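Engineer: no sequence on this one, just coordinates:
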Ligand SMILES: [Zn+2]
């Protein structure tokens with residue numbers, strides 16, 4: 001596939017230019033904001049909201065946060081708007097689990113196209129509202145999660161050759177997701193929380209197929225997750241190995257998110273920053289979860305640690321993952337304006 005002979009989307013050139021001028025801001029967590037709404041089963045189904053999902057499922061839907069795109073669109077749009085006004089240049093769709101593979105848990109495989117297309121449209125609406133107020137351009141990042149299955153490892157210790165999902169399954173599922181996101185107006189595809197590089201490669205391949213059909217290349221952001229104390233991904237790669245596994249797709253950014261707070265992420269983002277011939281992106285959790293699974297780290301605490309990344313020239317894009325709020329993003333945005341973006345040799 002001669003993917004790099006395709007013209008780049010206008011957003012790619014604008015983002016590259018902006019990222020050379022200043023550190024760009026990505027938004028924060030959806031989960032924490034959705035939790036604060038205190039929604040029950042009927043709210044997830046949209047009963048009473050006038051937005052009942054036209055796709056039927058007998059499974060309980062409470063906890064299916066992506067479904068809220070269809071059943072509570074105004075609430076989701078308002079969360080995106082709050083992040084945009086807090087200073088985010090790039091805002092992610094609420095589509096982390098919007099693949100047939102992840103939605104199978106909820107019996108809503110049939111809703112996947114609508115979730116992605118609408119998910120992107122809702123972010124676009126929220127960003128246009130924000131831009132109408134302050135005139136700043138903002139970008140929709142179509143969020144592509146890892147799914148709940150891993151292609152390169154067996155979930156069964158007694159059967160190491162078994163795989164719960166194949167590259168082909170993932171390629172197909174991601175292809176449907178990415179096409180939906182692009183149809184809804186995503187400017188960027190963000191492949192995030194990567195614990196298994198083979199899953200991410202299927203997502204990258206699916207992006208290339210979708211771009212080829214469309215005749216245009218979108219910026220791709222790649223974000224891995226370090227899940228163990230030795231500083232490796234679940235599929236066993238160091239940050240350097242991870243970069244070499246994905247650099248062929250010429251991503252707009254490569255970086256890390258989730259699993260760790262900013263301080264614990266620092267050596268790993270520093271390693272990636274030293275090897276990557278592209279922009280880097282870091283969006284850590286708000287520290288480590290407490291015994292109840294909640295995040296206690298305040299906005300100023302997180303911002304101080306992320307500012308250290310910026311001061312030391314490690315990053316081009318920063319934001320927040322689990323436990324972060326619009327206040328965290330506002331504090332991060334304010335703290336990094338004092339610093340120059342990392343210099344990139346491309
Ligand atoms: Zn996270």
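Structural biologist: Good, I have the coordinates. Every value quoted in this text rests on a predicted model; they were computed, and no experiment measured them.

Engineer: residue contacts, residue 93?
Structural biologist: Residue 93 is in contact with 69, 116, 119-120, 122-123, 140-143, 181, 184, 186, counting by Cβ atoms under 8 Å, 6 or more residues apart in numbering. (Each C-beta comes from the backbone N, C-alpha and C, glycine too.)

Engineer: Most neighbours out of those residues, which is it?
Structural biologist: When neighbours are taken as other Cβ atoms under 10 Å, the top entry among the contacts of residue 93 is residue 123 (36 neighbours).

Engineer: surely residue 28 meets residue 331?
Structural biologist: No - taking contacts as Cβ atoms under 8 Å, residue 28 lies outside contact range of residue 331: 10.5 Å.

Engineer: Take the contacts of residue 93 and keep only those in helices.
Structural biologist: Mapping the contacts of residue 93 onto helices (DSSP state H) picks out 69, 116, 119, 120, 122, 123, 181.

Engineer: which stretches of the chain have low pLDDT?
Structural biologist: Along the chain, the model assigns pLDDT under 70 to residues 1.

Engineer: can you map out the strands along it?
Structural biologist: Assigned by DSSP state E, the strands in the chain fall at 24-25, 90-92, 139-144, 188-194, 220-224, 253-261, 279-285, 317-318.

Engineer: Output the contacting helices and strands for the fourth one.
Structural biologist: What that stands for is strand 188-194. Applying 3 or more Cβ pairs under 8 Å, 6 or more residues apart in numbering; DSSP states H and E, one finds that strand 188-194 contacts strand 90-92, strand 139-144, helix 167-183, helix 197-214, strand 220-224, strand 253-261.

Engineer: and of those, who's closest to the ion?
Structural biologist: When the helices and strands packed on strand 188-194 are compared by Cβ to the ion, strand 253-261 sits nearest the ion, at 3.1 Å.

Engineer: Hey, what's the angle from the closest one to strand 188-194? Just curious.
Structural biologist: Relative orientation of strand 253-261 and strand 188-194, computed by axes from the mean of the first three to the mean of the last three Cα atoms, to 10 degrees: 40 degrees.

Engineer: So what's the gap between strand 253-261 and the chain middle?
Structural biologist: Relative to its chain's centre, strand 253-261 lies at 10 Å (Cα atoms, centre = their mean, to the nearest Å).

Engineer: what do you get for stretch 311-326?
Structural biologist: 13 Å.

Engineer: what about that stretch, how long is it end to end?
Structural biologist: End-to-end span of stretch 311-326 (Cα to Cα, to the nearest Å): 22 Å.

Engineer: Flag every buried residue along that stretch.
Structural biologist: 314-326 (16 or more other Cβ atoms under 10 Å).

Engineer: Can you tell me which of the residues you listed end up in helices?
Structural biologist: Cross-referencing those against helices under DSSP H gives residue 326.

Engineer: contacts with the ion among the buried residues of stretch 311-326, please.
Structural biologist: Among the buried residues of stretch 311-326, proximity to the ion is found for 321, 322 (Cβ under 5 Å from the ion).

Engineer: Could you see whether the ion lies near stretch 9-29?
Structural biologist: No - in terms of Cβ under 5 Å from the ion, no part of stretch 9-29 sits within range of the ion; the closest distance is 6.7 Å.

Engineer: ok now that stretch, how far from the chain's centre?
Structural biologist: Relative to the centre of its chain, stretch 9-29 is centred 15 Å away, using Cα atoms, centre = their mean.

Engineer: Among residue 28 and residue 331, which residue is more densely surrounded?
Structural biologist: With neighbours defined as other Cβ under 10 Å, residue 28 and residue 331 compare such that residue 28 has more, 32 against 24.

Engineer: Report the separation between residue 108 and the ion.
Structural biologist: 23 Å (Cβ to the ion, to the nearest Å).

Engineer: How many neighbouring residues does that residue have?
Structural biologist: Neighbourhood size, residue 108 [other Cβ under 10 Å]: 25.

Engineer: again, but for residue 345
Structural biologist: The number of residues packed near residue 345 is 6, by other Cβ under 10 Å.

Engineer: just residue 339 next, same as before
Structural biologist: With other Cβ under 10 Å as criterion, residue 339 counts 17.

Engineer: Who are the contact partners of the spatially closest residue to it that is not a sequence neighbour?
Structural biologist: Nearest residue to residue 339, sequence neighbours excluded (Cβ to Cβ, 6 or more residues apart in numbering): residue 310, at 3.9 Å. Contacts for residue 310 (Cβ under 8 Å, 6+ apart) come out as 23, 318, 335, 336, 338, 339.
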